[in-house]
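Q: this is the structure alone, sequence omitted:
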Ligand SMILES: Nc1ncnc2c1ncn2[C@@H]1O[C@H](COP(=O)(O)OP(=O)(O)OP(=O)(O)O)[C@@H](O)[C@H]1O
Ligand SMILES: [Mg+2]
């Protein structure tokens, strides 16, 4: 058997005494699509950030393809952060952001050889026409696609997405997932996506992690998103298993 | 104008002024985009505190001012990283304390207060060869930070993305503060406390308005700074006006032009 793409063993992260994650143990096989769901403050972003090595475990450990997060071969992981971290005053063009996916540094100039590769990635997400646009002037949904292009251009083995659909219109969101699904199929990469949309989790992901500081449910959508898991994670009355799976029966 | 350039003190003023403009234009691009405009003033006032202490102890002022300013620069980053306080708050604290210390020291050394004024307003037309060599040495050292541009720029854009790509953003903050502190402290003898703060902010701000790319902004920031020094110095000689203020006014004119024709 090959090593799992992600292996978290008894991972706990606390911030000044507050436990954001407690004893999280999950293993994700290479090539899977994992959706991470849970209420606000459940530690979803903290989970993603610990996979990136941005937060250190208080106890337990994380391995990505048998490496510690900070010690991976460059370009193994692509990251699509929540858009709110963007500094809109920074002078940057879309294509420059995409180039950081290749160089892992801010580009001083755009070389011709890199341009064609970056344009190809922008093409995939339907943003080629905005390659020379100022990043600060783009909409939230356009930005998310540029961030996705930035991750794809890296040809990573693992893509981490933190609520990528925030700020997207419905058709845009469907396009976005289509690009993601298609790319996963052709490259065999592993995808981990945080989402608040349980239907999306149920219908795109092969596995779902229901998180509320601890692991509430983990496995295929039908079992992980079971009624008792949802009421445990979100409290009663929040979401209904029947609604999530029933809604698409007529598709 | 040719006549002005044949005077040794004018030549030293031009060379020193241009070097300071290159240094501060370079670092100024990061200062402006990281919203650290206040840091330039803060470090310049810290340098004043160090100079005053040097005068009080009767040692060469820069021998105290250089380590003192570096200490303050690093301490500002340290406080900001260790607490919930924003950079400008940390700067505000150190700024005031350094200034207060400087005034206490100077009050004990009335013999030399004229020296202190030279640092406040700069003596660009009275630069000694020793000051020139020091400025050249620091400018040469600053060349070493050129390869850091793409890391600093990445972290300026988004610390989290940069950190996820193994940029050591905390160490880079200290490196930037250290470089700024050294730049400020060697520049104040030449251009004075007031002027160095302007050098770090106005050319970079003008450059930001002229472009949509950070690399272009960095180059334009240096260019605007250098042009202001040349125009300001020659203008001050021709019109017989103080050179420091004339350099700032030239920077301001460029900024106004950039504002009117902004595209960034
Ligand atoms: N750097 C930090 N310092 C202190 N506390 C933090 C930090 N990052 C996260 N936390 C805390 O950890 C908890 C989990 O935060 P996290 O951002 O991981 O939640 P989330 O599940 O992503 O929430 P959301 O759905 O709102 O994005 C929160 O209570 C938050 O306040
Ligand atoms: Mg989050």
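A: That came in fine, so what should we check first? Here the structure is a predicted model, which is why all the values come from computation and not from measurement. Ligands and ions are numbered 1, 2, ... in the order given.

Q: any part of the longest helix seen in chain B near chain A?
A: For chain B, the helix that runs over the most residues, judged by DSSP state H, is helix B:169-210. Yes: part of helix B:169-210 sits close enough to chain A to count as contact by C-beta under 8 Å from any C-beta of the partner chain, namely residue B:208. Where C-beta positions appear, they are placed from N, C-alpha and C, glycine not excepted.

Q: residue A:220: neighbour count?
A: Other residues near residue A:220 number 12, with proximity taken as other C-beta atoms under 10 Å in any protein chain shown.

Q: please apply the same query to the one 5 residues further on.
A: Residue A:225 has 25 neighbouring residues, counting by other C-beta under 10 Å.

Q: ok, it touching residue A:197?
A: No: in this structure, residue A:225 is not within contact of residue A:197 by C-beta atoms under 8 Å, at 11.7 Å.

Q: chain center to stretch A:122-131, what's the gap?
A: 20 Å (C-alpha atoms, centre = their mean, to the nearest Å).

Q: average pLDDT across it?
A: Averaged over stretch A:122-131, pLDDT sits at 95.

Q: other residues contacting that stretch?
A: Applying C-beta atoms under 8 Å, 6 or more residues apart in numbering or on different chains, the external contacts of stretch A:122-131 come out as A:93-95, A:98, A:118-119, A:138, A:142, A:145-146, A:148-149, A:152, A:175-176, A:179, A:183.

Q: let's see which of those residues end up in strands.
A: If you go by DSSP state E, the contacts of stretch A:122-131 have nothing in strands.

Q: which residues in the stretch 1-150 of chain A form strands?
A: A:6-15, A:18-28, A:33-37, A:59-64, A:77-80 (DSSP state E, counting those that start in this stretch).

Q: which of these is buried the deepest?
A: With neighbours defined as mean count of other C-beta atoms under 10 Å in any protein chain shown, these peak in mean count at strand A:33-37, which reaches a mean of 26.

Q: how about the strands of the stretch 1-150 of chain A, which one is nearest chain B?
A: Nearest to chain B among the strands of the stretch 1-150 of chain A is strand A:77-80 (5.2 Å), distances taken as C-beta to the nearest C-beta.

Q: ChimeraX command to pick out the buried ones of the contacts of stretch A:122-131?
A: Of the contacts of stretch A:122-131, the buried ones go into a single ChimeraX selection, burial set by 16 or more other C-beta atoms under 10 Å in any protein chain shown:
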select /A:93,94,95,98,118,119,138,142,145,146,148,149,152,175,176,179,183
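
Q: near ligand 1, which of the contacts of stretch A:122-131 show up?
A: With the criterion set as C-beta under 6 Å from any ligand atom, no member of the contacts of stretch A:122-131 is near ligand 1.

Q: what packs against the helix or strand containing residue B:16?
A: Assessed by DSSP states H and E, residue B:16 sits inside helix B:8-33. If contacts are counted by 3 or more C-beta pairs under 8 Å, 6 or more residues apart in numbering or on different chains; DSSP states H and E, helix B:8-33 sits against helix B:2-5, helix B:37-56, helix B:129-143, helix B:149-157, helix B:169-210, helix B:214-239.

Q: what packs against the biggest helix by length in chain A?
A: Of all segments of type helix in chain A, defined using DSSP H, the longest is helix A:170-187. In this structure, helix A:170-187 makes packing contacts with helix A:140-152, strand A:190-194, helix A:198-204, judged by 3+ C-beta pairs under 8 Å, 6+ apart.

Q: how far off centre is that helix?
A: Counting by C-alpha atoms, centre = their mean, helix A:170-187 comes out at 13 Å from the chain centroid.

Q: give the rounded mean pLDDT of that helix.
A: For helix A:170-187, the per-residue pLDDT averages 90.

Q: quick one, that helix and helix A:140-152 angle?
A: Interaxial angle, helix A:170-187 versus helix A:140-152 (axes from the mean of the first three to the mean of the last three C-alpha atoms, to 10 degrees): 10 degrees.

Q: ok, residues contacting helix A:170-187?
A: A:31, A:33, A:124-126, A:141, A:144-145, A:148, A:152, A:155, A:159, A:161, A:164-165, A:168, A:189, A:191, A:193, A:200, A:204.

Q: show me just the buried residues among those.
A: Using 16+ other C-beta under 10 Å, the buried ones in the contacts of helix A:170-187 are A:31, A:33, A:124-125, A:141, A:144-145, A:148, A:152, A:155, A:159, A:161, A:164-165, A:168, A:189, A:191, A:193, A:200, A:204.

Q: mind pulling up the pLDDT for residue 29?
A: Went with chain A since none was named. 94.

Q: nope, chain B please
A: 98.

Q: quick one, what contacts it?
A: So residue B:29 contacts B:204, B:207, B:214, B:217-218, B:221 (C-beta under 8 Å, 6+ apart).

Q: just put those in CSV and tack on neighbour count.
A: CSV is the format used below for those (neighbours: other C-beta atoms under 10 Å in any protein chain shown):
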residue, neighbour count
B:204, 28
B:207, 29
B:214, 27
B:217, 26
B:218, 25
B:221, 32
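
Q: closest one of those to residue B:9?
A: Closest approach to residue B:9 among the contacts of residue B:29 (C-beta to C-beta): residue B:221, at 27.5 Å.

Q: any low-confidence regions in the chain?
A: Chain wasn't specified; assuming chain A. A:1, A:84-85, A:236-251 (pLDDT under 70).

Q: ah, I was thinking of chain B
A: B:1-2, B:110-114, B:264.

Q: reformat the helices and strands packed on helix A:170-187 as JSON lines; add distance to residue B:62.
A: Listed next are the helices and strands packed on helix A:170-187 as JSON lines, based on distance: least, C-beta to C-beta, whole Å:
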{"stretch": "helix A:140-152", "distance to residue B:62": "46"}
{"stretch": "strand A:190-194", "distance to residue B:62": "53"}
{"stretch": "helix A:198-204", "distance to residue B:62": "62"}
